[in-house]
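In: here are the coordinates; sequence isn't available:
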């Protein structure tokens, strides 16, 4: 009877968890539709009196059981269009709320799965739960709960390296577009299309920047949002350069040209540094792999002759 009650409680918990996920997905889909309709209706009207509109129900802090779905807290218009997505996910290239929710559900499943399997196996085999095995299941569940975080950090680190590698090329394209007579907004939109083949992640960031500029947000705020998402020193320098050029009225094309040249010099310096580190890194394979084979080739025939003389003598 005790095992039956335990199994019923586990089944009830699993059913409640599944119902919670289904209800959350349904309500979040309805809320996204309402938010999209509100943003479209709000930005389609002209702003009168110099007063900027604010978006409702988007980007408010998640509170309560359903993660703030029913929250109506207003948000500043200069905030990012993905302000409701934490920077931890944005820096990994995840902007879809459904993907974030699936990620969190997988984490909780990995946390509870060892305990559920332990209880079910003990119920089937009609054995009592050992405290040591239960503690081991808890440790395994905690490890499974932490693995997705490490995996996401690895993705964010790899994405950051890709952005750092391809950003100088995007700067060159941006400089060429501005020098050709395009505005900075049109140049950003054009670069987002041209750089997609080389770096889809960087193209996505420029597309988000272009969308934020289209919504009527101030350019400085949109550039700061780009710097927060990318988390790169080169992007921070570019944002500071464009903000200062807009503030003091200096030429954007000349500033971009100087900044692109500095970034190109930094890239050459970085490559020269990697080339200088190469002989040091080659020391280990040289000692453990090349030198033994070299000694075998040189001393092998002499050793064979010595052994022949010893055997015949």
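Out: Yep, that arrived. Everything numeric in this text was worked out from a predicted model, so none of it was measured.
In: helix or strand right after the helix or strand containing residue 245?
Out: Assigned by DSSP states H and E, residue 245 belongs to helix 233-248. For helix 233-248, the following helix or strand on the C-terminal side (DSSP H and E) is helix 252-281.
In: pull out the buried residues from that following helix.
Out: By neighbour count, and taking 16 or more other Cβ atoms under 10 Å as the criterion, the buried residues in helix 252-281 are 252-253, 255-257, 259-260, 263, 267. C-betas here are computed from N, CA, C, even on glycine.
In: could you dump these into a markdown table and include pLDDT and distance to residue 141?
Out: Compiled in a markdown table, the buried residues of helix 252-281 are given as follows (pLDDT from 0 to 100; distance: Cβ to Cβ, whole Å):
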| residue | pLDDT | distance to residue 141 |
| --- | --- | --- |
| 252 | 79 | 54 |
| 253 | 80 | 57 |
| 255 | 80 | 53 |
| 256 | 82 | 52 |
| 257 | 82 | 56 |
| 259 | 80 | 49 |
| 260 | 82 | 50 |
| 263 | 82 | 46 |
| 267 | 82 | 45 |
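In: quick check: the residue lying closest to residue 112 once chain neighbours are set aside vs residue 108, distance?
Out: Closest residue in space to residue 112, ignoring its immediate chain neighbours: residue 141 at 6.6 Å, by Cβ to Cβ, 6 or more residues apart in numbering. Taking Cβ to Cβ, to the nearest Å as the measure, residue 141 and residue 108 are separated by 10 Å.
In: pLDDT-wise, which helix or strand of this protein ranks last?
Out: One helix or strand of the chain scores below all others by mean pLDDT, DSSP states H and E: strand 55-56, with a mean of 36.
In: if we can go back for a sec, which of the buried residues of helix 252-281 lies closest to residue 230?
Out: Set against residue 230, the nearest of the buried residues of helix 252-281 by Cβ to Cβ is residue 263 (13.9 Å).
In: my guess is the closest one contacts residue 169. True?
Out: No: judged on Cβ atoms under 8 Å, residue 263 makes no contact with residue 169 at a distance of 9.6 Å.
In: what stretches of the chain score poorly on pLDDT?
Out: Counting by pLDDT under 70, the chain shows low-confidence ranges at 1-15, 17-19, 21-22, 25-26, 28-81, 83-84, 129, 313.
In: what kind of secondary structure is the residue sitting nearest the centre point of it in?
Out: Within the chain, one residue has its C-alpha closest to the average C-alpha position: by Cα atoms, centre = their mean, that is residue 92, at 0.5 Å. Reducing the assignment to helix, strand or coil with DSSP: H, G, I helix; E, B strand; the rest coil, the entry for residue 92 is coil.
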